[in-house]
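Visitor: Got a sequence here, can you model it:
(chains A and B)
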Amino acid sequence: MSTAITEEQVEQVVTDALASFGADAEAITREATFESLEIDSLDLAELSQIVEESFGVELKGSDVATVKTVEDAIELIMQRAD
Amino acid sequence: MSGAEPRRGCALVTGASRGIGAAIALALARDGWPVAVNYRSSEQEAQATVALIVEEGGSAVAMQADVSRPEQVQPAFERISGSLGPVLVLVNNAGVRADGLALTLEDRQWHEVLDTNLTAAFRLTRLALRAMVRARFGRVINIASVVGPRANPGQANYAAAKAGLIGMTKTIAVEVARRGVTVNAIAPGLIDTEMTADLEGGLIDAVPARRPGTPAEVAACARFLASEDAGYVTGSTLYVDGGLSA
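Guide: Numbering: from 1, shown residues only, chains lettered A, B, ... in the order given. Below is the predicted model:
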């Protein structure tokens, strides 16, 4: 199923998830850092779950610990989906 | 039914075939939670707990798994979540003893107690938190002991595990607090169960209440901690010990 994932789908899921964690929807851009969005490690752990549920892509805690921006997260998910 | 109007989910009580675990399973069922009654080897007793719950109009299933064996726990956990809904109340109650003075305590006894009483609780909590965090509601209740915070010669392994549970409770409570998930510990003192049948003799004199507690008295506290009413109680340890720790 992972082969059918598009970057647009991933971006949508990530954006929706971040907004659901309380990030300001207008501030969520690809360049935005999680720090600036006040997204913390618990949010990222939950984002990993949402990504897994949505796309069947499993992200390891150590992977997620390295992402700094929304773009980093999208790229990581696309890489793991390959 | 009172206090906790159950959400779409269930309660899982480990080591619920008898003693404190069985009493907690019964109490949570009375609050309307469908309950997974976990047991390792006492199938008949687990089925008796299930039957008692069903007789009272509640809903329960027996769940066989040795909690210290992840390869048994994970599939059993997934089956329960599939049939009863996500585990929104987790009671880590399963516990074993393998007593001996530290001088002679074997590695095997150390690991047996730590694996079941502490590591298994961590693994199950990690599993259950996934759905709880997503649901913005969850209750983890770890059954610790007065042994741990207090000394008890012959139980270095048990004390380490139970003190570890209390430490784990506090940290995980803080990690997930803003998702509506609470994590608390209950520290029973001398409770009248099979597990303490060999202990009671002289110990009663040390208990200000001068009697052992009952499993139902511990279960009443678990029922409260699982309820909506206890939503602001997290990271705490509730002593149920007739004043022993006071």
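Visitor: phi, psi of B:E45?
Guide: Main-chain dihedrals, B:E45, degrees, to the nearest 10: phi -70, psi -40.
Visitor: Just to check, it is in contact with B:S17?
Guide: Yes: using C-beta atoms under 8 Å, B:E45 makes contact with B:S17 at a distance of 4.0 Å. For the C-beta atoms, the positions are set from N, CA and C on the backbone; glycine is no exception.
Visitor: Just want to know which of these two has more residues nearby.
Guide: B:S17 (25 against 17; other C-beta atoms under 10 Å in any protein chain shown).
Visitor: Please see if the helix-or-strand element of chain A with minimal mean pLDDT touches chain B.
Guide: Least confident helix or strand, chain A: helix A:61-64 with a mean of 86, by mean pLDDT, DSSP states H and E. No: judged by C-beta under 8 Å from any C-beta of the partner chain, helix A:61-64 and chain B are separated, with a smallest distance of 11.0 Å.
Visitor: could you say what helices and strands that helix packs with?
Guide: helix A:41-55, helix A:70-81 (3 or more C-beta pairs under 8 Å, 6 or more residues apart in numbering or on different chains; DSSP states H and E).
Visitor: Pretty sure B:A120 is one of the things B:V73 touches, is it not?
Guide: Yes: at 7.2 Å, B:V73 counts as touching B:A120 under the criterion of C-beta under 8 Å.
Visitor: Please identify every residue contacting each of the two.
Guide: B:V67 (C-beta atoms under 8 Å, 6 or more residues apart in numbering or on different chains).
Visitor: Which one's more surrounded, the two?
Guide: Using other C-beta under 10 Å as the criterion, B:V73 and B:A120 rank with B:A120 on top: 24 against 20.
Visitor: The more buried one - nearest residue in space that isn't next to it in sequence?
Guide: B:V67 (3.9 Å; C-beta to C-beta, 6 or more residues apart in numbering or on different chains).
Visitor: number of nearby residues for that neighbour?
Guide: B:V67 is flanked by 27 other residues according to other C-beta under 10 Å.
Visitor: what's the answer for A:E38, then?
Guide: Other residues within reach of A:E38, judged by other C-beta under 10 Å, total 13.
Visitor: tell me the secondary structure for B:N38?
Guide: The three-state assignment at B:N38 reads strand, by DSSP: H, G, I helix; E, B strand; the rest coil.
Visitor: Below-threshold pLDDT in the chain: ranges please.
Guide: Went with chain A since none was named. Within chain A, the stretches with pLDDT under 70 are A:1-3.
Visitor: ah, no, chain B please
Guide: Low-confidence segments of chain B (pLDDT under 70): B:1-7, B:199-201.
Visitor: So which residue is dead centre in it?
Guide: Among the residues of chain B, the one closest to the centroid is B:N93, at 2.4 Å (C-alpha atoms, centre = their mean).
Visitor: ok, now which ones touch that residue?
Guide: Taking C-beta under 8 Å, 6+ apart, we find B:N93 in contact with B:13-16, B:20-21, B:24, B:143.
Visitor: Just the ones of these in helices?
Guide: Secondary structure defined by DSSP state H assigns B:20-21, B:24 of the contacts of B:N93 to helices.
Visitor: Quick check: residues of chain A near chain B?
Guide: Residues of chain A lying near chain B (C-beta under 8 Å from any C-beta): A:42, A:45-46, A:49.
Visitor: Scan these and report the most crowded one.
Guide: When neighbours are counted by other C-beta under 10 Å, A:E46 leads the residues of chain A next to chain B with 19 neighbours.
Visitor: Just want to check the distance between it and B:I80.
Guide: Plainly put, A:E46 is 22 Å away from B:I80 if you go by C-beta to C-beta, to the nearest Å.
Visitor: just the strands in chain B please.
Guide: For chain B, the strands defined by DSSP state E occupy B:10-13, B:35-39, B:60-64, B:87-92, B:138-143, B:181-188, B:237-240.
Visitor: Would you mind putting those strands into a markdown table with mean neighbour count and distance to B:T196 alongside?
Guide: Listed next are the strands of chain B as a markdown table, based on neighbours: other C-beta atoms under 10 Å in any protein chain shown; distance: least, C-beta to C-beta, whole Å:
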| stretch | mean neighbour count | distance to B:T196 |
| --- | --- | --- |
| strand B:10-13 | 30 | 19 |
| strand B:35-39 | 29 | 19 |
| strand B:60-64 | 21 | 24 |
| strand B:87-92 | 28 | 19 |
| strand B:138-143 | 28 | 13 |
| strand B:181-188 | 26 | 9 |
| strand B:237-240 | 20 | 13 |
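Visitor: closest to chain A out of those?
Guide: With C-beta to the nearest C-beta, the closest approach to chain A among those belongs to strand B:181-188: 10.3 Å.
Visitor: just to revisit the earlier point, can I get the strands of chain B in CSV with distance to B:A151?
Guide: As requested, those are exported to CSV (distance: least, C-beta to C-beta, whole Å):
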stretch, distance to B:A151
strand B:10-13, 29
strand B:35-39, 30
strand B:60-64, 35
strand B:87-92, 23
strand B:138-143, 19
strand B:181-188, 14
strand B:237-240, 16
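Visitor: just to revisit the earlier point, buried stuff in the least confident helix or strand of chain A?
Guide: Judged by neighbour count using 16 or more other C-beta atoms under 10 Å in any protein chain shown, the buried positions of helix A:61-64 are A:V64.
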